[in-house]
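Participant: sequence and predicted model, in that order:
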Amino acid sequence: MKQSNYFNPTLRDNPADAEIKSHQLLVRAGFIRQNAAGIYSYLPLGKKVLMKIESVVREELNDAGAQELLMPAIQPAELWQETGRWDVYGPELMRLKDRHDRPFALGATHEELITSLVRDELSSYKQMPVILYQVQTKYRDERRPRFGLLRGREFIMKDAYSFHSSEEQLDDAYDLMHETYSKIFTKLGLNFRPVVADSGAMGGKDTEEFMALSSVGEDTIAYSDESDYAANTEMAEVTVEYSKPDESEEALAKGEAETSPDREIHTSLLKVNDELVLVLVRGDHELNEIKVKNLYGTDLVENVKQEIDVKEFDGTIIADNAIKSIVNGSIKGATAYHNVNPERDLSIERFEDLRFIQEGDPSPDGKGKIVFAEGIEIGQVFKLGTKYSEAMGATYLNEGGKAEPIIMGCYGIGISRTLAAIAEQNADENGLNWPMSVTPFHVHLIAINVKNEDQKTLSDRLYDTIRKERYDVLYDDRKERAGVKFKDADLIGVPIRVVVGKKAAEGIVEVKRRDTGESFEVSVDELNSKLQKLFEQLG
Ligand code: ATP
Ligand code: MG
């Protein structure tokens, strides 16, 4: 592709609304343009990278036996009403009406649509297992679209769904998809980790998120410094065994007294379903409401803003395990106490793991200590079970001829978010830096001075010979100064640069790597073999 008329508008300055590197650079280098908050066009460079990512994803999924289909983005409301998600999904679901006033949703996800599709077609255990997937545009009216492609309102997802006649079949598909995801993200050159995630209170089934490690990530991962244990901090179990210090217990008294945070008792009043529950955690810890939800098997947990006197409260009191360690503790606020000895003074119904894990806590697998890192969720694998098939009456006949709900799994990859994550992990202060597997072009050929006859002739010739080797070449044939060309090349981030300059007459050009900045001179006769070697090195 000749750059002189390539649709690649670059910008000198960062767009005002772009807070993170990948967003700034993808706009500046001319990969994407914003059309509305969280809604983007992919310009030719961006579209090329998108297609490369999709092709890595397709190749691995097809290899795993998954079959590609394509479902509509516009989905009838009735399907969402069947599962109850028309109400539950809330304002994130974009809704519209047709000319007959019939309600529709723009697909935020496709569980309903695909379940309605298979319930009419999969009727026997003999037709399963089957894994279906699509690469498609999703719509979510996110409360805070931001960070460019990382959190869009229109974005591209690969979503896969598997269908089974037994739990073992589902386990196998889940493991297969897990392995396939690891292959995909490795090929894409990402530094990532699969982490145990929260499946929501209702199912309690297995789910893992694939996280690209990055300081701009919105999720925090707790991982072991000695094993491969990793979990979303929302999920990580705290396994500390608490014991009381050997001190004498004083008499309980009203009013405040100074104590260290690990002797303070923080109280949170929650409405769990319709019951009032008072939850106690230590002053140096933070309550994790997801653990309360999972304990009660409900999504309906609300904070109630109300001062409570722990001695007079007549609802249920539950406490985090660490509360057991407190001797002569204190409760602050309007109804303060000191010299509180929880097991003696408070009617605690049960002790449970209810707090967020912290750095330095033991890893739940017993190996090493917990460390935190930030991550971008690029994919998720999920054992859905029969939630959707039961709600929508998707049954099959088992070997005994009895109707059973189809057992399902679902597996998503955020294609456009992954593009941004790759950009974020690899970019430097000068620009983007694409891994060979997804780069928009393999080689950036730069003619320093196109008005110079030798340079122009040699560059034109190399443009043909390099392309003959099946490399995709971006050829900077513009009448720009060398400085402008190099700056743009760094910004765009093609892995290998070939520069035709002063030594063109001698048949010598310069080859430079974008990642390391290393460069060397090479004679034109040797260029193709040198490039070949570089490509092998860069994968
Ligand atoms: P998040 O917690 O980040 O909102 P999610 O749990 O809602 O993600 P899923 O419903 O599991 O996401 O969707 C599958 C994948 O789609 C995610 O792993 C992520 O890579 C991608 N994704 C989700 N929401 C967005 C978005 N608003 N913009 C871009 N990609 C997204
Ligand atoms: Mg979301």
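Facilitator: Ah, there it is. Numbers count the residues shown, from 1 in each chain. Ligands and ions are numbered 1, 2, ... in the order given.
Participant: going forward, measure contacts between C-alpha atoms and count neighbours the same way
Facilitator: Will do.
Participant: the closest residue to residue 305 other than its chain neighbours: how many residues sit nearby?
Facilitator: The spatially closest residue to residue 305, leaving aside those adjacent along the chain, is residue 269, at 7.2 Å (Cα to Cα, 6 or more residues apart in numbering). Using other Cα atoms under 10 Å, residue 269 is surrounded by 19 other residues.
Participant: which element follows the strand or helix carrying residue 269 toward the C-terminus?
Facilitator: Using DSSP states H and E, residue 269 maps to strand 265-272. Next helix or strand after strand 265-272 toward the C-terminus (DSSP H and E): strand 275-282.
Participant: quick one: that following strand to strand 265-272, angle?
Facilitator: 150 degrees (axes from the mean of the first three to the mean of the last three Cα atoms, to 10 degrees).
Participant: show the average pLDDT along strand 275-282.
Facilitator: Averaged across strand 275-282, the pLDDT comes to 97.
Participant: restrict that strand to CA atoms and write it as PDB.
Facilitator: Only the C-alpha atoms of strand 275-282 are listed here, as PDB (Å, rounded to 0.1, in the frame of the first residue of the first chain):
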ATOM      1  CA  GLU A 275     -34.000  -9.500  56.100                       C
ATOM      2  CA  LEU A 276     -31.800  -7.100  57.900                       C
ATOM      3  CA  VAL A 277     -28.300  -8.400  58.500                       C
ATOM      4  CA  LEU A 278     -25.600  -6.700  60.500                       C
ATOM      5  CA  VAL A 279     -22.100  -7.600  59.200                       C
ATOM      6  CA  LEU A 280     -19.000  -7.100  61.200                       C
ATOM      7  CA  VAL A 281     -15.500  -6.700  59.800                       C
ATOM      8  CA  ARG A 282     -12.300  -5.600  61.400                       C
END
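Participant: so which residues make contact with that strand?
Facilitator: 261-271, 287, 315-320, 322-323, 354-355 (Cα atoms under 8 Å, 6 or more residues apart in numbering).
Participant: one more: stretch 50-61?
Facilitator: 67, 135, 180, 183-184, 187-188, 415-416, 419, 437-440.
Participant: and if you look at stretch 470-480?
Facilitator: 1-4, 441-447, 449-451, 463, 466-467, 485.
Participant: hey, where'd the strands end up in the stretch 201-350 of the chain?
Facilitator: Per DSSP state E, counting those that start in this stretch, the stretch 201-350 of the chain carries strands over the ranges 207-213, 219-224, 230-232, 253-254, 265-272, 275-282, 301-303, 316-320, 329-331, 337-340, 350-352.
Participant: of those, which is nearest ligand 1?
Facilitator: Checking those against ligand 1 by Cα to the nearest ligand atom gives strand 207-213 as the closest, at 7.0 Å.
Participant: using PDB, list the CA coordinates for that closest one.
Facilitator: Extracted as PDB, the C-alpha positions of strand 207-213 are listed here (Å, rounded to 0.1, in the frame of the first residue of the first chain):
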ATOM      1  CA  THR A 207     -16.100 -19.400  35.500                       C
ATOM      2  CA  GLU A 208     -12.700 -17.900  34.800                       C
ATOM      3  CA  GLU A 209     -11.700 -14.500  33.300                       C
ATOM      4  CA  PHE A 210      -8.700 -14.000  31.100                       C
ATOM      5  CA  MET A 211      -6.900 -10.900  32.200                       C
ATOM      6  CA  ALA A 212      -4.300  -8.900  30.200                       C
ATOM      7  CA  LEU A 213      -2.000  -7.500  32.900                       C
END
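Participant: for it, packing partners?
Facilitator: strand 192-196, strand 370-385 (3 or more Cα pairs under 8 Å, 6 or more residues apart in numbering; DSSP states H and E).
Participant: now render these as a markdown table, adding mean neighbour count, mean pLDDT and distance to residue 432.
Facilitator: Formatted as a markdown table, the helices and strands packed on strand 207-213 follow (neighbours: other Cα atoms under 10 Å; pLDDT from 0 to 100; distance: least, Cα to Cα, whole Å):
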| stretch | mean neighbour count | mean pLDDT | distance to residue 432 |
| --- | --- | --- | --- |
| strand 192-196 | 22 | 95 | 19 |
| strand 370-385 | 22 | 97 | 18 |
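Participant: could I get the contacting residues of the nearest residue to residue 377 once chain neighbours are set aside?
Facilitator: Among residues not flanking residue 377 along the chain, residue 211 sits closest, at 4.6 Å (Cα to Cα, 6+ apart). Taking Cα under 8 Å, 6+ apart, we find residue 211 in contact with 192-195, 375-379.
Participant: thank you kindly, that will do.
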